[in-house]
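# no sequence on this one, just coordinates:
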């Protein structure tokens with residue numbers, strides 16, 4: 001007797017706990033249906049599972065759990081149908097079990113079985129059968145969209161639609177939920193409209209106050225934190241925007257728009273938080289079907305992180321989704337350059353150029369490809385061809401003209417180099433680098449006066465350009481033999497860049513030519529000391545100059 005009493009006591013306790021879990025599940029489920037927040041979904045699923053474990057004879061737990069798990073992608077349609085059939089076997093007169101079973105059968109395109117379940121629900125419900133009647137009407141209409149339309153089917157559709165509407169007032173359960181949804185929706189609409197009204201007049205302070213109040217009143221954290229975050233972006237309060245986006249994600253971690261915005265803001269304004277942006281894009285991969293753009297963004301984040309392997313992998317995955325995207329090909333090529341895999345980089349740069357989505361953009365890609373041929377492969381002919389192709393695509397690209405000039409200079413083709421540098425100047429007459437480069441070419445062609453004019457213009461455009469000052473001094477010293485003028489430019493270069501070894505060496509040569517041996521020795525010694533760090537010059541050459549002073 002005692003043992004039976006204990007068993008009955010434990011059974012009663014489990015049933016009470018099961019009922020408690022079921023009530024909690026209903027509450028969370030209802031909140032999820034109203035607010036569509038992921039945390040309520042997970043909470044409801046957990047409580048329904050607990051209710052089934054404690055009392056497997058409760059039909060409601062099965063069909064409601066099936067609906068939530070299917071919506072969350074945890075089970076398929078057939079599993080959901082089996083769950084509903086389990087509920088029906090436990091309680092054959094449960095109207096909701098038949099409605100849910102019919103709903104999932106309809107989704108599985110089994111219209112005949114779905115219609116049978118809806119009719120069972122109508123028979124059980126009597127005057128409270130407006131829902132199954134309306135759902136059956138919709139099911140017949142959907143079936144008519146995929147099958148041949150008959151007068152009989154159309155008449156059935158109208159019959160269940162009209163009768164469902166007529167007995168709507170007797171379905172108290174449905175009316176109760178409708179009232180709650182309406183009240184909640186009206187409250188949300190009121191706060192949302194009020195906040196947006198103040199936003200239109202740029203009264204963001206008042207709008208934020210309304211949205212914060214809405215969060216407390218409606219508990220729609222996802223919606224209103226999202227609204228506040230967008231305002232923070234417009235007011236350039238990026239820290240606050242990130243915080244609000246994160247709060248919105250706490251309410252619904254699967255909100256695609258918020259994840260994209262958080263990733264973009266983090267990536268743009270907080271580059272030190274690369275891992276947070278990567279996390280956002282990784283979560284988006286779980287939600288998106290079209291993932292190519294996400295892999296593309298991840299690739300750039302990994303590049304910023306100097307994670308070359310993951311960058312290459314991400315861009316490859318993007319190309320697997322969209323192999324003819326020129327931007328993905330270009331980015332993969334660039335990532336190969338960072339990984340020093342130049343042959344692979346050349347292959348994908350060539351693909352990007354072939355796709356040619358925009359002439360100006362493709363011109364820049366031609367320049368990148370030409371630079372690999374020139375600087376890495378030493379293939380000047382291929383480099384020149386690539387640079388010239390870029391110029392044809394975009395004749396206004398001054399940078400690629402400079403690159404073409406550099407390639408010609410490497411081949412000692414001074415005439416073509418001068419022509420390329422002058423083309424760059426004609427496009428951008430304010431580029432001091434072009435004047436400096438053409439100055440070198442003119443100097444090597446023995447056009448001294450023209451070279452001096454070019455260097456003076458470079459220095460005029462950028463007085464802090466140490467290389468131009470040094471090179472102009474060399475022309476005055478070695479070209480026209482005026483060391484007094486030359487040393488002024490060498491000293492100017494040293495003042496701009498105190499670690500400029502070559503400028504110290506040249507200043508020593510100028511001072512020596514002027515007969516100022518002590519000054520020359522000081523400059524040579526400084527060049528010798530710096531050269532041990534910079535290794536710009538042959539040390540023996542500096543020593544010969546320094547020791548030659550004393551031998552003299």
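Arrived safely, thanks for sending. If you're wondering where the values come from, they're calculated on a predicted model, not measured in any experiment.

# how far away is residue 520 from residue 327?
Taking C-beta to C-beta, to the nearest Å as the measure, residue 520 falls 56 Å from residue 327. For glycine as for every other residue, the C-beta is placed from the backbone atoms N, C-alpha and C.

# which residue sits closest to residue 249, ignoring its sequence neighbours?
Excluding the flanking residues, the one nearest residue 249 by C-beta to C-beta, 6 or more residues apart in numbering is residue 258, at 5.5 Å.

# Low-confidence bits of the stretch 51-200 of the chain, can you list those?
Applying pLDDT under 70 to the stretch 51-200 of the chain flags the ranges 109, 127-130, 134-135, 138-139, 141-150, 160-161, 164-186.

# where do the helices sit along it?
59-71, 77-90, 95-107, 111-125, 130-146, 151-166, 172-200 (DSSP state H, counting those that start in this stretch).

# Adding mean neighbour count, write the ones you listed out as CSV.
Shown next, in CSV, are the helices of the stretch 51-200 of the chain (neighbours: other C-beta atoms under 10 Å):
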stretch, mean neighbour count
helix 59-71, 22
helix 77-90, 19
helix 95-107, 24
helix 111-125, 20
helix 130-146, 19
helix 151-166, 15
helix 172-200, 14
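
# right, and the ones you listed - which one's nearest residue 410?
Nearest to residue 410 among those is helix 172-200 (58.7 Å), distances taken as C-beta to C-beta.

# ok, back up a step: tell me which of residue 520 and residue 327 has more neighbours.
Taking neighbours as other C-beta atoms under 10 Å, residue 520 and residue 327 compare with residue 520 leading, 23 against 18.

# and the host helix or strand of the more buried one, what does it pack onto?
Using DSSP states H and E, residue 520 sits within helix 517-534. Applying 3 or more C-beta pairs under 8 Å, 6 or more residues apart in numbering; DSSP states H and E, we find helix 517-534 packed against helix 501-513, helix 539-551.

# ok, residues contacting that helix?
For helix 517-534, the external contacting residues (C-beta atoms under 8 Å, 6 or more residues apart in numbering) are 499, 501-502, 504-505, 507-509, 511-512, 536-537, 539, 542-543, 545-546, 549-550, 552.

# Ok, stretch 478-487 next?
Stretch 478-487 has contacts (C-beta under 8 Å, 6+ apart) with 443, 448, 451, 473-477, 506-507, 509-511, 513-514.

# which of those residues count as buried?
Buried residues within the contacts of stretch 478-487, counting neighbours by 16 or more other C-beta atoms under 10 Å: 443, 451, 473-477, 506-507, 509-511, 513.

# The helix holding residue 520: which residues count as buried?
By 16+ other C-beta under 10 Å, the buried positions in helix 517-534 come out as 519, 520, 521, 523, 524, 526, 527, 528, 530, 531.

# what does stretch 307-324 give?
Those would be 307, 308, 310, 311, 312, 313, 314, 315, 317, 318, 319, 322, for stretch 307-324 by 16+ other C-beta under 10 Å.

# if you look at those residues, which of them are in strands?
Assigned to strands by DSSP state E, none of the buried residues of stretch 307-324 qualify.

# could the residues you listed go into JSON lines alongside pLDDT and distance to residue 270?
Putting the buried residues of stretch 307-324 into JSON lines (pLDDT from 0 to 100; distance: C-beta to C-beta, whole Å) gives the following:
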{"residue": "307", "pLDDT": "90", "distance to residue 270": "18"}
{"residue": "308", "pLDDT": "90", "distance to residue 270": "22"}
{"residue": "310", "pLDDT": "91", "distance to residue 270": "20"}
{"residue": "311", "pLDDT": "90", "distance to residue 270": "19"}
{"residue": "312", "pLDDT": "92", "distance to residue 270": "25"}
{"residue": "313", "pLDDT": "91", "distance to residue 270": "24"}
{"residue": "314", "pLDDT": "90", "distance to residue 270": "20"}
{"residue": "315", "pLDDT": "91", "distance to residue 270": "23"}
{"residue": "317", "pLDDT": "91", "distance to residue 270": "25"}
{"residue": "318", "pLDDT": "91", "distance to residue 270": "23"}
{"residue": "319", "pLDDT": "93", "distance to residue 270": "28"}
{"residue": "322", "pLDDT": "91", "distance to residue 270": "29"}
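
# Please convert these to CSV, extending it with distance to residue 106.
Formatted as CSV, those follow (distance: C-beta to C-beta, whole Å):
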residue, distance to residue 106
307, 48
308, 51
310, 44
311, 46
312, 47
313, 42
314, 41
315, 43
317, 37
318, 38
319, 40
322, 35
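
# Nearest to residue 76 among those?
Of the buried residues of stretch 307-324, the one sitting nearest to residue 76 (C-beta to C-beta) turns out to be residue 317, at 26.7 Å.

# Provide a list of residues in contact with the closest one.
Neighbours of residue 317 in contact, by C-beta under 8 Å, 6+ apart: 291, 292, 295.

# Look up which helix or strand the residue most central in space within the chain falls in, please.
The centroid of the chain falls nearest to residue 297 when counting by C-alpha atoms, centre = their mean (4.0 Å). Secondary structure from DSSP H and E places residue 297 in helix 292-304.

# From the contact counts, what lies against that helix?
helix 256-269, helix 274-287, helix 308-321, helix 326-338.

# hmm, try it at 6 Å
Where contact means 3 or more C-beta pairs under 6 Å, 6 or more residues apart in numbering; DSSP states H and E, helix 292-304 is packed against helix 274-287, helix 308-321.

# That helix to helix 308-321, inter-axis angle?
160 degrees (axes from the mean of the first three to the mean of the last three C-alpha atoms, to 10 degrees).

# Compute the inter-axis angle for helix 292-304 and helix 256-269.
Helix 292-304 runs at 30 degrees relative to helix 256-269, counting by the same axes, to 10 degrees.

# Same question for helix 292-304: list its buried residues.
Going by 16+ other C-beta under 10 Å, helix 292-304 has these buried residues: 292, 293, 294, 295, 296, 297, 298, 299, 300, 301, 302, 303.

# I'd like those laid out as TSV, including distance to residue 485 and pLDDT.
Shown next, in TSV, are the buried residues of helix 292-304 (distance: C-beta to C-beta, whole Å; pLDDT from 0 to 100):
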residue	distance to residue 485	pLDDT
292	61	88
293	59	88
294	61	88
295	59	90
296	55	91
297	55	90
298	57	90
299	53	90
300	50	91
301	53	90
302	53	91
303	47	90
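
# Columns distance to residue 62 on top of the residues you listed, output as TSV?
Listed next are these as TSV, based on distance: C-beta to C-beta, whole Å:
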residue	distance to residue 62
292	40
293	40
294	37
295	40
296	44
297	42
298	40
299	45
300	47
301	44
302	45
303	50
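
# What is the most widely separated pair among these?
Farthest pair in the buried residues of helix 292-304 (C-beta to C-beta) is 292 and 303. Separation: 17.0 Å.

# Would you mind splitting this protein into its domains for me?
Domain ranges of the chain: 358-463, 468-552, per automatic domain parsing.

# So what's the gap between the longest one and the chain middle?
Taking the mean C-alpha point of domain 358-463 and that of its whole chain, the gap between them comes to 35 Å (C-alpha atoms, centre = their mean, to the nearest Å).

# Just the terminal-to-terminal distance for it.
Length of domain 358-463, first residue to last, C-alpha to C-alpha, to the nearest Å: 37 Å.
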